[in-house]
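# quick one: sequence plus predicted model below, questions after.
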Amino acid sequence: MFQQITILGPGLLGASLAMAAKSSGLATRVHTWSRRAETRELSQQADWCDAVFDTAEAAVDGSELIIICTPVETIAPLLLRIVGHLKPEALITDVGSTKAQICRGIRGQLAANGPTFIGSHPMAGSERTGMAHARADLFQGACCLMTPEPEAPELAVTRLTAFWQALQMRIASVSPEQHDEIVAHISHLPHLLASALCGYLAQKDNNWANFAGGGLRDTSRIAAGDPELWQQIVLQNRHQILRAIAGFEHELDQLKNAVLSEDSAALTDHLARAKHYRDQL
(Lines give C-alpha, C1' and ligand atoms only; values in the text may rest on other atoms or scores of the structure.)
Protein backbone atom coordinates (compact mmCIF):
# COMPACT_ATOMS: atom_id res chain seq x y z
CA MET A 1 0.00 0.00 0.00
CA PHE A 2 2.90 2.37 0.80
CA GLN A 3 6.52 2.15 -0.22
CA GLN A 4 7.60 4.17 2.81
CA ILE A 5 5.85 5.31 5.97
CA THR A 6 7.19 7.31 8.91
CA ILE A 7 6.20 6.83 12.53
CA LEU A 8 6.84 9.91 14.65
CA GLY A 9 6.85 8.72 18.26
CA PRO A 10 7.27 4.92 18.29
CA GLY A 11 5.71 4.23 21.69
CA LEU A 12 2.96 1.69 22.33
CA LEU A 13 0.72 2.80 19.45
CA GLY A 14 3.50 3.93 17.10
CA ALA A 15 5.60 0.78 17.42
CA SER A 16 2.48 -1.41 17.21
CA LEU A 17 1.53 0.37 13.98
CA ALA A 18 4.99 -0.18 12.56
CA MET A 19 4.86 -3.88 13.48
CA ALA A 20 1.39 -4.28 12.00
CA ALA A 21 2.24 -2.42 8.79
CA LYS A 22 5.36 -4.51 8.16
CA SER A 23 3.83 -7.87 9.12
CA SER A 24 0.75 -7.17 6.95
CA GLY A 25 2.82 -6.07 3.96
CA LEU A 26 1.31 -2.58 4.00
CA ALA A 27 4.69 -0.83 3.94
CA THR A 28 8.00 -1.73 2.33
CA ARG A 29 10.01 0.58 4.55
CA VAL A 30 9.31 2.10 7.98
CA HIS A 31 11.19 5.16 9.20
CA THR A 32 10.98 6.42 12.77
CA TRP A 33 11.91 9.39 14.91
CA SER A 34 11.64 10.03 18.63
CA ARG A 35 12.76 13.02 20.65
CA ARG A 36 14.29 10.59 23.15
CA ALA A 37 17.69 9.11 22.31
CA GLU A 38 16.95 5.87 24.18
CA THR A 39 13.81 5.30 22.10
CA ARG A 40 15.74 5.91 18.89
CA GLU A 41 18.29 3.35 20.02
CA LEU A 42 15.58 0.78 20.74
CA SER A 43 14.05 1.43 17.31
CA GLN A 44 17.37 0.72 15.62
CA GLN A 45 17.35 -2.73 17.20
CA ALA A 46 13.77 -3.54 16.14
CA ASP A 47 13.18 -5.76 13.12
CA TRP A 48 10.19 -3.66 12.03
CA CYS A 49 12.29 -0.50 11.68
CA ASP A 50 14.32 0.21 8.53
CA ALA A 51 15.82 3.59 9.48
CA VAL A 52 15.96 5.87 12.52
CA PHE A 53 16.57 9.61 12.33
CA ASP A 54 17.70 12.30 14.77
CA THR A 55 15.14 14.82 13.46
CA ALA A 56 11.52 14.52 12.45
CA GLU A 57 12.23 16.52 9.30
CA ALA A 58 14.76 13.93 8.10
CA ALA A 59 12.53 11.00 9.07
CA VAL A 60 9.63 12.11 6.85
CA ASP A 61 11.71 12.74 3.72
CA GLY A 62 10.26 10.67 0.88
CA SER A 63 7.48 9.07 2.91
CA GLU A 64 3.98 8.67 1.50
CA LEU A 65 2.27 8.21 4.87
CA ILE A 66 3.28 9.94 8.10
CA ILE A 67 1.65 8.91 11.38
CA ILE A 68 2.17 11.24 14.34
CA CYS A 69 2.04 9.24 17.57
CA THR A 70 3.29 11.86 20.02
CA PRO A 71 1.39 13.40 23.01
CA VAL A 72 -1.64 15.44 21.92
CA GLU A 73 -0.26 18.88 22.70
CA THR A 74 2.72 18.28 20.38
CA ILE A 75 0.82 16.94 17.35
CA ALA A 76 -0.14 20.21 15.64
CA PRO A 77 3.25 21.93 16.23
CA LEU A 78 5.11 18.86 14.98
CA LEU A 79 2.94 18.64 11.87
CA LEU A 80 3.62 22.27 11.01
CA ARG A 81 7.35 21.62 11.48
CA ILE A 82 7.49 18.75 8.99
CA VAL A 83 4.98 19.84 6.35
CA GLY A 84 7.57 21.77 4.34
CA HIS A 85 9.69 18.62 4.07
CA LEU A 86 6.96 16.44 2.59
CA LYS A 87 6.03 15.48 -0.95
CA PRO A 88 2.83 17.26 -2.13
CA GLU A 89 1.01 13.92 -2.35
CA ALA A 90 1.99 12.85 1.17
CA LEU A 91 -0.74 11.82 3.59
CA ILE A 92 -0.47 12.73 7.28
CA THR A 93 -2.52 11.31 10.13
CA ASP A 94 -2.22 10.95 13.89
CA VAL A 95 -3.44 8.74 16.73
CA GLY A 96 -4.35 11.50 19.18
CA SER A 97 -7.13 11.09 21.76
CA THR A 98 -8.44 14.61 21.06
CA LYS A 99 -9.19 16.22 17.73
CA ALA A 100 -10.93 19.63 17.82
CA GLN A 101 -7.98 21.60 19.20
CA ILE A 102 -5.50 19.78 16.98
CA CYS A 103 -7.55 20.44 13.85
CA ARG A 104 -8.04 24.11 14.78
CA GLY A 105 -4.28 24.47 15.11
CA ILE A 106 -3.74 23.09 11.62
CA ARG A 107 -6.66 24.65 9.74
CA GLY A 108 -5.52 27.06 7.05
CA GLN A 109 -1.86 26.15 7.55
CA LEU A 110 -1.59 23.57 4.76
CA ALA A 111 -1.38 24.54 1.10
CA ALA A 112 -4.32 23.48 -1.04
CA ASN A 113 -2.03 21.54 -3.39
CA GLY A 114 0.23 20.21 -0.66
CA PRO A 115 0.17 17.30 1.81
CA THR A 116 -3.17 16.27 3.31
CA PHE A 117 -3.88 15.83 7.02
CA ILE A 118 -6.73 13.58 8.14
CA GLY A 119 -7.15 12.97 11.85
CA SER A 120 -7.39 9.41 13.16
CA HIS A 121 -7.99 7.91 16.57
CA PRO A 122 -7.58 4.14 16.76
CA MET A 123 -9.51 3.13 19.87
CA ALA A 124 -6.88 0.64 20.92
CA GLY A 125 -4.18 0.70 23.52
CA SER A 126 -3.50 -0.06 27.12
CA GLU A 127 -2.76 1.54 30.44
CA ARG A 128 0.82 0.47 29.69
CA THR A 129 3.02 2.75 27.62
CA GLY A 130 6.21 2.41 25.61
CA MET A 131 7.63 0.30 22.85
CA ALA A 132 8.19 -2.67 25.15
CA HIS A 133 4.43 -3.32 25.24
CA ALA A 134 3.82 -2.93 21.49
CA ARG A 135 2.30 -5.78 19.52
CA ALA A 136 1.23 -6.24 15.90
CA ASP A 137 -2.33 -7.36 16.69
CA LEU A 138 -3.18 -4.37 18.90
CA PHE A 139 -5.64 -2.91 16.40
CA GLN A 140 -7.49 -6.03 15.27
CA GLY A 141 -11.24 -5.71 15.80
CA ALA A 142 -10.98 -2.23 17.36
CA CYS A 143 -12.70 0.91 16.07
CA CYS A 144 -10.85 3.77 14.39
CA LEU A 145 -12.53 7.19 14.45
CA MET A 146 -11.49 9.28 11.44
CA THR A 147 -12.10 13.04 11.34
CA PRO A 148 -11.64 14.23 7.73
CA GLU A 149 -12.34 17.90 7.11
CA PRO A 150 -14.98 18.68 4.41
CA GLU A 151 -12.28 19.77 1.95
CA ALA A 152 -10.19 16.61 2.38
CA PRO A 153 -9.56 14.95 -1.02
CA GLU A 154 -11.76 11.90 -1.46
CA LEU A 155 -8.82 9.82 -2.69
CA ALA A 156 -6.83 10.59 0.47
CA VAL A 157 -9.79 9.66 2.71
CA THR A 158 -10.27 6.41 0.78
CA ARG A 159 -6.59 5.55 1.00
CA LEU A 160 -6.35 6.17 4.74
CA THR A 161 -9.59 4.27 5.35
CA ALA A 162 -8.15 1.32 3.43
CA PHE A 163 -5.00 1.44 5.59
CA TRP A 164 -6.92 1.17 8.86
CA GLN A 165 -9.22 -1.49 7.42
CA ALA A 166 -6.18 -3.52 6.34
CA LEU A 167 -5.21 -3.57 10.03
CA GLN A 168 -8.64 -5.17 10.64
CA MET A 169 -10.14 -2.08 12.25
CA ARG A 170 -13.76 -0.89 12.08
CA ILE A 171 -14.02 2.64 10.70
CA ALA A 172 -16.34 5.51 11.66
CA SER A 173 -16.13 9.02 10.23
CA VAL A 174 -17.10 11.98 12.43
CA SER A 175 -16.25 15.67 12.75
CA PRO A 176 -13.45 16.68 15.16
CA GLU A 177 -16.07 18.16 17.50
CA GLN A 178 -18.22 15.01 17.41
CA HIS A 179 -15.13 12.95 18.09
CA ASP A 180 -14.31 14.90 21.22
CA GLU A 181 -17.87 14.62 22.53
CA ILE A 182 -17.90 10.85 21.97
CA VAL A 183 -14.53 10.09 23.54
CA ALA A 184 -15.20 12.42 26.48
CA HIS A 185 -17.97 10.00 27.46
CA ILE A 186 -16.62 6.59 26.46
CA SER A 187 -12.91 7.07 27.13
CA HIS A 188 -11.96 10.20 29.07
CA LEU A 189 -14.76 10.02 31.68
CA PRO A 190 -14.07 6.35 32.50
CA HIS A 191 -10.41 7.17 33.01
CA LEU A 192 -11.19 10.03 35.36
CA LEU A 193 -13.69 7.90 37.29
CA ALA A 194 -11.10 5.16 37.74
CA SER A 195 -8.58 7.79 38.85
CA ALA A 196 -11.07 9.33 41.29
CA LEU A 197 -11.82 5.91 42.76
CA CYS A 198 -8.12 5.15 43.25
CA GLY A 199 -7.50 8.62 44.64
CA TYR A 200 -10.31 8.15 47.15
CA LEU A 201 -9.18 4.68 48.22
CA ALA A 202 -5.59 5.90 48.54
CA GLN A 203 -6.79 7.96 51.52
CA LYS A 204 -8.05 4.84 53.30
CA ASP A 205 -6.15 2.14 55.15
CA ASN A 206 -3.49 0.75 52.79
CA ASN A 207 -4.18 -2.77 54.04
CA TRP A 208 -7.66 -2.70 52.50
CA ALA A 209 -6.10 -3.23 49.06
CA ASN A 210 -4.92 -6.66 50.20
CA PHE A 211 -8.53 -7.78 50.57
CA ALA A 212 -9.66 -6.67 47.09
CA GLY A 213 -10.83 -9.12 44.46
CA GLY A 214 -10.96 -8.83 40.70
CA GLY A 215 -13.70 -6.19 40.78
CA LEU A 216 -11.43 -3.45 42.06
CA ARG A 217 -8.65 -4.44 39.67
CA ASP A 218 -11.02 -4.42 36.68
CA THR A 219 -12.65 -1.14 37.67
CA SER A 220 -9.39 0.67 38.37
CA ARG A 221 -7.12 -0.74 35.65
CA ILE A 222 -7.04 2.33 33.41
CA ALA A 223 -6.08 4.60 36.30
CA ALA A 224 -2.56 3.21 35.78
CA GLY A 225 -2.23 5.29 32.58
CA ASP A 226 0.57 7.83 32.19
CA PRO A 227 -0.41 10.94 34.26
CA GLU A 228 1.41 13.41 31.98
CA LEU A 229 -0.24 12.07 28.82
CA TRP A 230 -3.67 12.09 30.44
CA GLN A 231 -3.22 15.58 31.85
CA GLN A 232 -2.76 16.82 28.27
CA ILE A 233 -5.79 14.89 27.01
CA VAL A 234 -8.03 16.18 29.79
CA LEU A 235 -7.04 19.83 29.35
CA GLN A 236 -7.41 19.68 25.54
CA ASN A 237 -10.91 18.21 25.84
CA ARG A 238 -11.94 19.88 29.09
CA HIS A 239 -15.20 21.42 27.81
CA GLN A 240 -16.62 18.09 26.64
CA ILE A 241 -15.25 16.29 29.69
CA LEU A 242 -16.94 18.78 32.03
CA ARG A 243 -20.26 18.11 30.27
CA ALA A 244 -19.71 14.37 30.65
CA ILE A 245 -18.89 14.78 34.36
CA ALA A 246 -22.05 16.84 34.87
CA GLY A 247 -24.14 14.11 33.23
CA PHE A 248 -22.50 11.46 35.36
CA GLU A 249 -23.05 13.50 38.53
CA HIS A 250 -26.78 13.55 37.72
CA GLU A 251 -26.78 9.75 37.31
CA LEU A 252 -24.86 9.31 40.56
CA ASP A 253 -27.29 11.60 42.38
CA GLN A 254 -30.20 9.47 41.19
CA LEU A 255 -28.45 6.35 42.43
CA LYS A 256 -27.63 8.02 45.74
CA ASN A 257 -31.26 9.09 46.20
CA ALA A 258 -32.47 5.55 45.52
CA VAL A 259 -30.16 4.27 48.27
CA LEU A 260 -31.12 7.07 50.69
CA SER A 261 -34.84 6.46 50.22
CA GLU A 262 -34.42 2.68 50.17
CA ASP A 263 -36.26 2.68 46.84
CA SER A 264 -35.68 -0.92 45.83
CA ALA A 265 -37.52 -0.54 42.51
CA ALA A 266 -35.41 2.44 41.41
CA LEU A 267 -32.25 0.72 42.56
CA THR A 268 -33.09 -2.49 40.71
CA ASP A 269 -33.96 -0.48 37.57
CA HIS A 270 -30.61 1.32 37.69
CA LEU A 271 -28.64 -1.90 38.21
CA ALA A 272 -30.57 -3.64 35.42
CA ARG A 273 -29.99 -0.81 32.93
CA ALA A 274 -26.29 -0.82 33.80
CA LYS A 275 -26.04 -4.59 33.40
CA HIS A 276 -27.79 -4.44 30.02
CA TYR A 277 -25.32 -1.80 28.76
CA ARG A 278 -22.34 -3.77 30.04
CA ASP A 279 -23.61 -7.03 28.53
CA GLN A 280 -23.75 -5.36 25.11
CA LEU A 281 -20.10 -4.22 25.19
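It's in.
# longest helix of this protein?
helix 238-260 (DSSP state H).
# okay, buried residues for the helix or strand following that helix please.
Later in the chain than helix 238-260, the nearest helix or strand by DSSP states H and E is helix 264-280. Applying a neighbour-count criterion of 16 or more other Cβ atoms under 10 Å, the buried positions in helix 264-280 are 267, 270. Every residue, glycine included, has its C-beta placed from N, CA and C.
# now the angle from helix 264-280 to helix 238-260?
Between helix 264-280 and helix 238-260, the angle comes out at 140 degrees (axes from the mean of the first three to the mean of the last three Cα atoms, to 10 degrees).
# helix 264-280 packs against which elements?
For helix 264-280, the packing partners by 3 or more Cβ pairs under 8 Å, 6 or more residues apart in numbering; DSSP states H and E come out as helix 238-260.
# mean confidence score for the longest helix of the chain?
Mean pLDDT, computed over helix 238-260, is 98.
# and for the residue nearest the centre of the chain, nearest residue in space, chain neighbours not counted?
When Cα atoms, centre = their mean is applied to the chain, the residue found nearest the centroid is residue 97 (4.0 Å). Nearest residue to residue 97, sequence neighbours excluded (Cβ to Cβ, 6 or more residues apart in numbering): residue 233, at 4.8 Å.
# try residue 1
The spatially closest residue to residue 1, leaving aside those adjacent along the chain, is residue 26, at 4.6 Å (Cβ to Cβ, 6+ apart).
# wait, is the residue nearest to the centre of the chain part of a strand?
No - judged by DSSP: H, G, I helix; E, B strand; the rest coil, residue 97 forms no part of a strand; its state is coil.
# contacting residues around it?
72, 121, 183, 187, 188, 233, 237 (Cβ atoms under 8 Å, 6 or more residues apart in numbering).
# and the longest helix of the chain, how far from the chain's centre?
With Cα atoms, centre = their mean, to the nearest Å as the basis, helix 238-260 stands 25 Å off its chain's centre.
# got it, and stretch 131-146?
With Cα atoms, centre = their mean, you get 10 Å for stretch 131-146.
# okay, how far is it across that stretch, tip to tip?
24 Å (Cα to Cα, to the nearest Å).
# in it, what counts as buried?
Applying 16+ other Cβ under 10 Å to stretch 131-146 flags 131, 134, 136, 138, 139, 144, 145, 146 as buried.
# quick check, the fifth one in contact with residue 171.
No - between residue 139 and residue 171 no contact is recorded; they are 11.4 Å apart, counting by Cβ atoms under 8 Å.
# name the residues contacting each of the two.
With Cβ under 8 Å, 6+ apart as the test, residue 139 and residue 171 both reach residue 164.
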